[in-house]
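Enquirer: Predicted coordinates and the sequence they were generated for:
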Amino acid sequence: MRIATWNLNSVKRRVDHLTRWLAATEPDVLCIQETKCKGEDFPELPGLGYEVAAIGDGAWNGVAILSRVGLQEVTPQLVEPPTWEGKLEPRAIGATCGGLRIWSLYIPNGRTPEHEHYQYKLQWLAALAQTSKVEQRQHAHLALLGDFNVAPSDADVYDRAAFEGSTHVTAPERAGLTDLEATGLQEIPPRPLKYDHAFTFWDYRQLAFPKNRGMRIDLAYATPAVAASVTDAYSDRNARKGKGTSDHAPVVIDLDLPQDSALE
DNA sequence: ATGTCCGATGATATCGGA
């Protein structure tokens, strides 16, 4: 089973890229973030054989799950999610696909460590950990994929000094990740296709991609049996090349889950 | 030395957000 996650930065702007990438990569399940479109406006992807579950408000956020191995028990929000400016944002969707319980997650950016949005981000990570606990009571195999907007370690940014005073690298954000792991999950680190680190995001500005000034913020966590079944994982930087691409690369994970346990 | 892109808007350039 091949699963993947990709922050597309507008699915409507990326339909051609997405279609080509799906045909070439053939994931069984793809988690998408920042669709930036309403659930009912999610574009058709004819001929590829994917079912779609998508939620969105329009301009911002928006997450989706594409699956060609079944798509059931769709859950359109975390357990007790925090709100932003009084509203529940479309940042999380879960579904059961081919025996795997999988979530597509778009963690709030935080903006600056002083900003109220940063507190929202920390609350959101705490709600995600709570959701992980609840989900593990009900599902034998759980995987949480998405744009976490946190670099797990200093090695996951191109230059730690460039992030002084910024979000994505602070101790409380990283504690949010370790608290999530403490619910019984393991991170699945991808291998790079080039260079030393498997970055997944490069800013559009200032030639960040050709200079490889990247970050690894698109992450995958899974329960131990799922993590133990990983046969390969990589960040597909090739999808970041060229004009009109997302500023994120997809992360692709191959699993060899025993078929009987996948029925649980 | 310089360097972006997205969606929305009483839009046709500007803005917030990333």
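Expert: It's in. All values derive from a computational prediction rather than experimental measurement.

Enquirer: Quick one: mean pLDDT over the helix or strand A:Y234 falls within.
Expert: Assigned by DSSP states H and E, A:Y234 belongs to strand A:230-235. The average pLDDT within strand A:230-235 is 98.

Enquirer: what's next to it, contact-wise?
Expert: A:188-193, A:198-200, A:216, A:218, A:220, A:222, A:249-256 (C-beta atoms under 8 Å, 6 or more residues apart in numbering). Any C-beta I mention is one placed from the backbone N, CA and C, and that applies to glycine too.

Enquirer: So which bits of the stretch 51-200 of chain A are right by DNA strand B?
Expert: Residues of the stretch 51-200 of chain A lying close to DNA strand B (C-beta under 7 Å from any atom of the strand) are A:58-60, A:108-109, A:111, A:117.

Enquirer: how about 6 Å then?
Expert: Counting by C-beta under 6 Å from any atom of the strand, the residues of the stretch 51-200 of chain A close to DNA strand B are A:58-59, A:109, A:111.

Enquirer: Going by neighbour count, which of the residues you listed comes out on top?
Expert: Compared across these, A:N109 has the highest neighbour count, 16 neighbours, by other C-beta atoms under 10 Å.

Enquirer: Tell me who's in contact with it.
Expert: A:117, A:121, A:149, A:167.

Enquirer: which of the residues you listed sit farthest apart?
Expert: Spatial extent of those (C-beta to C-beta) is set by the pair A:H117 and A:N149 at 10.6 Å.

Enquirer: Residues that sit against both of these two, list them.
Expert: Going by C-beta under 8 Å, 6+ apart, residues that sit against A:H117 and also against A:N149 are A:108-110.

Enquirer: Please identify which of these is nearest to DNA strand B.
Expert: A:N109 (4.1 Å; C-beta to the nearest atom of the strand).

Enquirer: so where does the closest one fall, helix or strand?
Expert: Per DSSP H and E: nothing holds A:N109, as it lies in no helix or strand.

Enquirer: Against A:H115, how distant is it?
Expert: As for A:N109, its distance to A:H115 is 9 Å (criterion: C-beta to C-beta, to the nearest Å).

Enquirer: repeat for A:E181
Expert: Counting by C-beta to C-beta, the gap from A:E181 to A:H115 is 26 Å.

Enquirer: now swap in A:T131 and tell me
Expert: 24 Å.

Enquirer: Including pLDDT, could the residues of the stretch 51-200 of chain A next to DNA strand B go into a markdown table?
Expert: As requested, these are exported to a markdown table (pLDDT from 0 to 100):
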| residue | pLDDT |
| --- | --- |
| A:G58 | 88 |
| A:A59 | 89 |
| A:N109 | 97 |
| A:R111 | 95 |
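
Enquirer: How many residues are close by A:V63?
Expert: 28.

Enquirer: who's it bridged to?
Expert: When bridges are called by DSSP bridges, A:V63 pairs up with A:Q33, A:I55.
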